[in-house]
Every structure is written in structure tokens, then in C-alpha cells.
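Engineer: Below are the sequence and a predicted model for it; my questions follow.
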Amino acid sequence: MNGGSNNVDDQSARSRTFGQLQGFIFLRQMAIVFAGLLGVSSAAMAGSAPSPGGTLEFAVDAEPPNYDCHANFSFVFIHPIIPHYSTLLKFDTAAYPRIEGDLAESWIVSPDRRTYTFKLRPKVLFHDGTPLTSADVKASYERIIHPPPGVLSVRQADYAVISSIETPDPTTVIFHLQWSDAAMLPNFASPWNCIYSAAKLNEDPVFPKTNVLGSGPFVFVEHVKGDHWSGRRFDRYFLPGKPYLDGYRADFIAGAAAVEAMEKGRIAAQFRSFTPVERDELVRVLGEQVDVREGPWITYLSLVFNANLKPFDDERVRRALSLAIDRWRGAEVLADTTFLKYVGGLMRPGTAVSTPESELVKLPGFSREIDASRAEARRLLAEAGVPNLEVKLTNRKDVPVPYGPAGNYILAAWREIGVRVTQEMLSTKEWQSALETGNFTAAIDLAADYFDDPTIQLARYVSRDLSAINHSGSTDRFLDALYIGQAVSTDARERGRIVREFERRALTEAYTVPLLWWNRTIVTSNKFKGWNMSPSHYIGQDLGDVWLER
């Protein structure tokens, strides 16, 4: 998977249909299958054996707001911090979406899929030399499912199905579920489910917010605020011979600075995405010295409205602001300079459970008839008694792409229906805090996941008292019921029907609405090996398998 095309997307590529996207995904999956049948390892595909040593330097657009895996939802956390941690399972990015063990050596799923038994690797150590056991796994998951006071668990709803956790011995952990959940195994592979020391959590439940202690490939060295994050090889890592690198350094640089650093050979990678313009510049300057990989992304920008503040407690106001946005035109004008490229609903375009375009255009905010949509928006605002609505849009400042262009596009659309608009630009830490505390009226939000499954991706639309990642603060028990309904459904067709009903309800109520889905473009030094691109910028980032060819 280390190859890629350096060709610039033309206009026809920018308007790729859902059918073409589905074909892309199918071909990619077939390539993975054939590679598996041939027994081709990622190292063999790269054409060289791993070389130990060296320090990998890469770019991250901004720095993490805090150090707690369970509380964060941005790549600015994952990329610098996740190499310090282990999870129960993880995704094999060379054969995505195949799942493999991380701390788990093996696992058994009961026939009714309501009991998951994991056998842990023996003699795993935390970086302070203390052993990692099933008690640490239990304590970490209980912190996610039942966060104690002062602890934020943004994925709590994903694990509400877990009724109890048993630890019959130090290397065995058993999860009991209230019902069968189709997304459970991928959820155990979540990169956000860092396993913490039970002893440290017992002393201080918020210990991970300001401290780093994991069992991953790399030990924490330093966080120099405003400059970089670094880690060094953990010599007692549980996988013999790994990691290959001596260490890594994440430089907090973005945009032109990251491009310049790549051109000068200072960094070897940037794991989120370059824009098409940046990609073309790097290829022009560096040519065959870089590898380029591209593909659709399990990520979209969304608009979230604070449903607990007037007039955004009125669905007519929320829906009007969504109707005003021409998403189809936005996909055309923003594709070259940002990652924003595909129009889609709540599930990634081109996947089995996504809504076909023929149905999507009938949903509020997704019609191609923008003049009619804006006329309806004005009518709704007048009906709601706010024909001269004023809106302040809260946006993210230190990650300029795609937040800046997206914000400007939204403001221009709202002005078209007579809304008076302003925009506040906040640092990642301030922006994340505003979303978490409801200190905003309307905001640009991020919806990014590691696997295409409704149980994972729809959790941000579940009522706030059940899901902390629902930043609108809304309570909608009908959506809650539909969410549980699709999760327990064992029939794929029935599950799809429930997801479509969930989507219609969510887009009509418009507490949170998708803007545009992303396309991922990765450019790395051709000396950087052992890394595979996936549809998620959250997975495959522990750096345990990568090396630098010298």
C-alpha cells in the first residue's frame, strides 16, 4: 500500500459519484484480499527489510489540549501521544479493516456475541516497570463506561452495551454485553481506548490528563509547548525487536511551514493530510523522493447548534441555517485548496449503509436546488420570528485547513438568506472546551472515526446525557431509541432501514448537520517505510512497525 499516484485531480475526479466511490472501495478491498492470499507482508510490499535506529520527525498542525485519551477527539492528540500507549485490539492498516491483537494475544466471542473473552500477552510492562494485567484493562474500560467525577469520557455511549467486566486471572478479561452489538469488536480496537495503570487511576482518576504512562512502543520524553513533542524507544516493549526507531519527534507546524520542512528534509511525514495544492508543490520539488497516497476519509466537518440556547432551541432556525448551504457547490470550490470533497449524510459516501444520492437530495440541506432551499430557509426564519437573525460561528484557529475556508463558505451562505454573521477563531484547546461546555451558539465541529459502522458514527447524535460527544446538548429520545434499535439488529437490511430513519430525523431536527466529507492525501519521504494509509487518520499511529531506510 506504499504506492500512489502523483497526478493532480481534475474536475471530473472532484465530482466523483457515489458509485465511483463504491468502486474505489471495492477495488481496494480486493487488492487487500489478494495480497493476503499471496502472503505478502507490509515489509515485503515495501521492498526492504526493517532497518533499526534513527529518529522519525513529523509534523502535527497543533498541540494536544491535554493528555487524556478518553477525553480527546482530535488528531493533534493521537499523532504525538498514541505511540506511548497500547490498546486491547487494533486495526491492521496493511489489511484494513482487519483487526489484530495489541495487548490481547487471543480472544473468543460467544455464539450469541454477548461475551468477549480476551487473553492478554504475558509480562507486559508499563513504562515505569510495573506489570500490566487484566485489572488495568478493567479499570480503563470502567473509566470509559462510568467516568468518575472530573473525568470526561467522550465515547461513553459506544460502550453502554457492556454490563460487567470480569478478571478471573491477571491475563484474562471478560466483557459481558446486554445485547449483541455489531460494532463491538471494532470498538475494542478503538485507538482512543488507551490502557492506563489501575493503581494510578485509583490514586487519581484524572492522572492521565496531565501525565503520560503507557505500555506502548515509546516512552515519553518531553512536551515543549508551542514547539514539539518527543518520545524514545521503550527497550522492554512486549513485541521483541520493536519498535525499530530509536525515537520520534512531533513538530507543531502546519501549512506552508510543514511543506517547507518536508522540502528541506527536516520532516519525513505529516499523517493527517496535505491539500492538493501542497501535494503538487511537494511532488514538483521532491519528485521521486516522496511517496503519495490518497483516498476517501472517515471524516467530515459538521455544523453544530446549541440546542439549549434561543433561538437555536427551535428546529426551524437550525434547519434554515442548514438549508442555506450549497454543499454541492462547496464540494467543487473547496476541493482543490482543502480536504473537503464529498457530499454525504451521516455515513461515509460509497459505503454499504450510506444514503444514495437519489435519496440524499430529498433530505433538508442536500438538495441541488439551492434557490428553493434558501427560499424555504427565509420562510422558516420568518415563521420562527427571527427574520433578522444574528449568528456567531465558533471555529478552530490553529488548524487552518479546512476550518478557515469552511467557516468562510458557511458565513457567505448565511448572508445569502439575510443572516448577520460574525466568526470567533479559537485555539484547539479553547475550541474543544467551548464545544464540551456548550459555550457557543453555532460552531464548526469535527466528526472523525476509525471504522464505518453506525454504532460508532451515530453516537454524536445521541442525547447529551448519554453521549458526551453530542456537542449540541440536545435530548432526543426518538433518536436514542433508533440508535439502540440499529445496534441490536442482526438483520443487515433492517439495520440499514433504521439507520436511514435515524438520518432523516437527525437532518430534519438539525441539532448537528454534516457539511462535507474529506479526501485524505498523504505525502511522505520515500525513506519512511512500514506505514500504510487507511481511511482514518486515527489508526496505525503507534509507530511500532515503521522504520527509516538508510
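Structural biologist: All right, it came through fine. Numbering: from 1, shown residues only.
Engineer: neighbours of the closest residue to residue 384 other than its chain neighbours, just the number please.
Structural biologist: Take residue 384 and drop its neighbours on the chain: the residue closest to it by C-beta to C-beta, 6 or more residues apart in numbering is residue 316, 4.3 Å away. Where you see a C-beta, it was placed from the backbone N, CA and C, and this is true even at glycine. When neighbours are defined as other C-beta atoms under 10 Å, residue 316 has 18 of them.
Engineer: Next: residue 420.
Structural biologist: 11.
Engineer: Excluding chain neighbours, what is closest to it?
Structural biologist: residue 390 (4.6 Å).
Engineer: ok, and the residue nearest to residue 384, which helix or strand is that part of?
Structural biologist: Taking DSSP states H and E as the definition, one finds residue 316 inside helix 315-323.
Engineer: So what touches that helix?
Structural biologist: 303, 305, 307, 311-312, 364-365, 373-374, 376-378, 380-381, 383-384, 386, 389, 391, 414, 417, 419, 442, 507-511, 513 (C-beta atoms under 8 Å, 6 or more residues apart in numbering).
Engineer: Buried ones among the residues you listed?
Structural biologist: Buried members of the contacts of helix 315-323, counted by 16 or more other C-beta atoms under 10 Å: 303, 305, 307, 311-312, 364-365, 373-374, 376-378, 380-381, 384, 386, 389, 391, 414, 417, 419, 442, 507, 509-511, 513.
Engineer: From those residues, which land in strands?
Structural biologist: Using DSSP state E, 303, 305, 391, 442, 513 are the members of these that sit in strands.
Engineer: residues contacting the residue nearest to residue 420?
Structural biologist: Counted by C-beta under 8 Å, 6+ apart, residue 390 has contacts 419, 420, 421, 422.
Engineer: at 10 Å what do you get?
Structural biologist: 311, 419, 420, 421, 422, 441 (C-beta atoms under 10 Å, 6 or more residues apart in numbering).
Engineer: okay, those residues in a markdown table with distance to residue 138 next?
Structural biologist: Putting the contacts of residue 390 into a markdown table (distance: C-beta to C-beta, whole Å) gives the following:
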| residue | distance to residue 138 |
| --- | --- |
| 311 | 46 |
| 419 | 50 |
| 420 | 53 |
| 421 | 49 |
| 422 | 48 |
| 441 | 41 |
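Engineer: Show me the two of the residues you listed that sit farthest apart.
Structural biologist: Spatial extent of the contacts of residue 390 (C-beta to C-beta) is set by the pair 311 and 422 at 16.2 Å.
Engineer: so how far is residue 269 from residue 284?
Structural biologist: Plainly put, residue 284 is 19 Å away from residue 269 if you go by C-beta to C-beta, to the nearest Å.
Engineer: For the two, work out which one has more neighbours and name it.
Structural biologist: For residue 284 versus residue 269, the count of surrounding residues by other C-beta under 10 Å is larger for residue 269: 21 against 10.
Engineer: There's contact between that one and residue 292 in this structure, I believe.
Structural biologist: No: between residue 269 and residue 292 there is no contact under C-beta atoms under 10 Å: 11.9 Å.
Engineer: so what's in contact with the two at the same time?
Structural biologist: 522, 523, 524.
Engineer: The second one pairs with what?
Structural biologist: Translated: residue 523. residue 292 (DSSP bridges).
Engineer: what's the burial count for it?
Structural biologist: Neighbour number of residue 523 under other C-beta under 10 Å is 25.
Engineer: now do residue 473
Structural biologist: 20.
Engineer: and residue 531, what is it in contact with?
Structural biologist: 1-2, 42, 46, 56, 93-94, 268-269, 271, 291, 293, 522, 524, 540-541, 543, 545-547.
Engineer: that older thread, out of the contacts of helix 315-323, which are inside helices?
Structural biologist: 373, 374, 376, 377, 378, 380, 381, 383, 414, 507, 508, 509 (DSSP state H).
Engineer: want to throw those residues into JSON lines with pLDDT and distance to residue 81?
Structural biologist: As requested, those are arranged in JSON lines below (pLDDT from 0 to 100; distance: C-beta to C-beta, whole Å):
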{"residue": "373", "pLDDT": "98", "distance to residue 81": "42"}
{"residue": "374", "pLDDT": "98", "distance to residue 81": "43"}
{"residue": "376", "pLDDT": "98", "distance to residue 81": "45"}
{"residue": "377", "pLDDT": "98", "distance to residue 81": "42"}
{"residue": "378", "pLDDT": "98", "distance to residue 81": "46"}
{"residue": "380", "pLDDT": "98", "distance to residue 81": "43"}
{"residue": "381", "pLDDT": "98", "distance to residue 81": "43"}
{"residue": "383", "pLDDT": "98", "distance to residue 81": "48"}
{"residue": "414", "pLDDT": "98", "distance to residue 81": "36"}
{"residue": "507", "pLDDT": "98", "distance to residue 81": "34"}
{"residue": "508", "pLDDT": "98", "distance to residue 81": "38"}
{"residue": "509", "pLDDT": "98", "distance to residue 81": "35"}
